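1. I'd like to go over a predicted model; first the sequence, then the structure.
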Amino acid sequence: MTPKRSTLWECPECGEAFTTRNQWHSCGHFSLDDLFARCEPPVRTLFDRFVELVEDCGPVTIIPQRTRVAFQTRMRFAAIMPHKRYLRGHLVLGRRREESCFDRIQRYSPRNHVHEFRLDSEKQLTEAFQDCLREAYGVGQQMHLYGDA
């Protein structure tokens, strides 16, 4: 039997949506311009290309935060942290996936593995990376838990 999905909980202070009621977070209203203010222009261009690839997967909510940008469908499945000359980021996958683009993989639960990466150029957005991004998008929809979108 497939478990029923719950309605997302919205923080009454900032309006952000979460799969878990009263999930800890830092309330605030942040902008992409503020996050990228200290970055060199190619970093923002690389970020914009990453966003295009995420949006190719389907509808997504992009959430600028104090130090990062989170990407969410039902749950947050990716994040990007801008630095002056590069981007750091991670994808949440339902399994461990060994790919050369990942610097580190952390297992948080049997079905949640955080795959960390660094992006210096668009050349790193390979087909293998894009495949991992599509898989992470499915995790964001909780397909790894429910089996459908």
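-> Arrived safely.
2. any idea how far residue 29 is from residue 13?
-> According to CB to CB, to the nearest Å, residue 13 stands 10 Å off from residue 29. The way it works is simple: take the backbone N, C-alpha and C, and place the C-beta from them, glycine included.
3. try residue 91
-> Distance from residue 91 to residue 29, by CB to CB: 26 Å.
4. also residue 114?
-> Taken as CB to CB, the span from residue 114 to residue 29 is 26 Å.
5. more neighbours, the two?
-> More neighbours surround residue 114 than the other of residue 114 and residue 29, with 17 against 8 (other CB atoms under 10 Å).
6. ok, the more buried one - contacts?
-> Residues counted as contacts of residue 114 (CB atoms under 8 Å, 6 or more residues apart in numbering) are 90-92, 105-106, 108.
7. likewise residue 40?
-> Applying CB under 8 Å, 6+ apart, the residues near residue 40 are 84-85.
8. again, but for residue 97
-> By CB under 8 Å, 6+ apart, the neighbours of residue 97 are 105, 113, 115, 132, 135.
9. host element of it?
-> Per DSSP states H and E: residue 97 is located in neither a helix nor a strand.
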